[in-house]
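Visitor: I would like to see how this sequence folds:
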Amino acid sequence: MERPTALLIGEMTFPFHDLEEMGPHIESALGDAAEVTRSTDRDDLIDLSGYDLVVDYLTDSELTDDQLAGLLDFVRDGGGYLGLHCAADLTSVHAGGGELAHRDEPFPELRELVGGHFLTHPEQSEFGVDVVAEHPVVDGVTDFEVFDEPYQVTADDDVTVLARMDHPDLDDYPVVWVRPYGDGRVCYASLGHTEEAFENEAYRRLLRNAIGWLVEG
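Guide: This next block holds a predicted model:
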């Protein structure tokens, strides 16, 4: 059986979430679950006919009409979407010189696709991730500890939350959720700022499970 094909889309706009730096760690975490093509060219989203899923590691979510339509139509027509960490940051945009500016509201079409969005985060720390549902994405994954940037997020009521944060100073924010989008499937996981997160064996299993679930539909 051929491996599913994935477009890993990101950027090198900011000194953090740099795809050149983090891309190899993401690909290592995904392992043999998919054949990954890494890109910083957002025009690759216009025609996704050669892929089974998109792995989103963009911080600045500004897309042209054609790029946005390509992505949304792809998932709506049965493609998979795996959003990692900064993919839920739907209010940050590039202000030039590697600096961030912020929108008042998240990009609405992408907010609908993801099913939630990033609010803020404290400093990086060790915290727990508790599995709270049975689902193929968390098959064989038990509660684990991870060193990462803990994302405070909001999620829609109609997503299925699979894992929640166990942090001494924060509420139990969702960490992983899934949802349908048209004929396609969406999985979002908020971990992924640090190399340590992508080296965590439990998280690696979760991400590989997610690819299998995303493409089987």
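
Visitor: who are the packing partners of the helix or strand hosting G23?
Guide: Using DSSP states H and E, G23 falls within helix 19-30. Identification of packing neighbours for helix 19-30 by 3 or more Cβ pairs under 8 Å, 6 or more residues apart in numbering; DSSP states H and E yields strand 5-9, strand 35-39, helix 195-199, helix 201-216. For every residue, glycine as well, the C-beta is placed using N, CA and C.

Visitor: from E216, how far out is W177?
Guide: Distance of W177 to E216, given as Cβ to Cβ, to the nearest Å: 18 Å.

Visitor: next: D89.
Guide: With the distance defined as Cβ to Cβ, D89 ends up 28 Å from E216.

Visitor: higher neighbour count, these two?
Guide: Set side by side, D89 and E216 show unequal neighbour counts under other Cβ atoms under 10 Å, the larger going to D89 at 23 against 10.

Visitor: mind listing the residues bridging to the residue nearest to that one when sequence neighbours are not counted?
Guide: Take D89 and drop its neighbours on the chain: the residue closest to it by Cβ to Cβ, 6 or more residues apart in numbering is F118, 4.3 Å away. With DSSP bridges as the criterion, F118 is bridged to V153.

Visitor: contacts for the helix holding G23 next, please.
Guide: If you take Cβ atoms under 8 Å, 6 or more residues apart in numbering as the criterion, helix 19-30 is touched by 6, 8, 10-12, 36, 38, 40, 55, 57, 84, 192, 195, 198-199, 203-204, 207-208, 211.

Visitor: low pLDDT regions in this protein?
Guide: By pLDDT under 70, the low-scoring segments of the chain are 1.

Visitor: so what's L90 closest to, chain neighbours aside?
Guide: Nearest residue to L90 in three dimensions, chain neighbours excluded: P106, at 3.5 Å (Cβ to Cβ, 6+ apart).

Visitor: check the gap between the one you found and I46 for me.
Guide: For P106 relative to I46 (Cβ to Cβ), the value is 22 Å.
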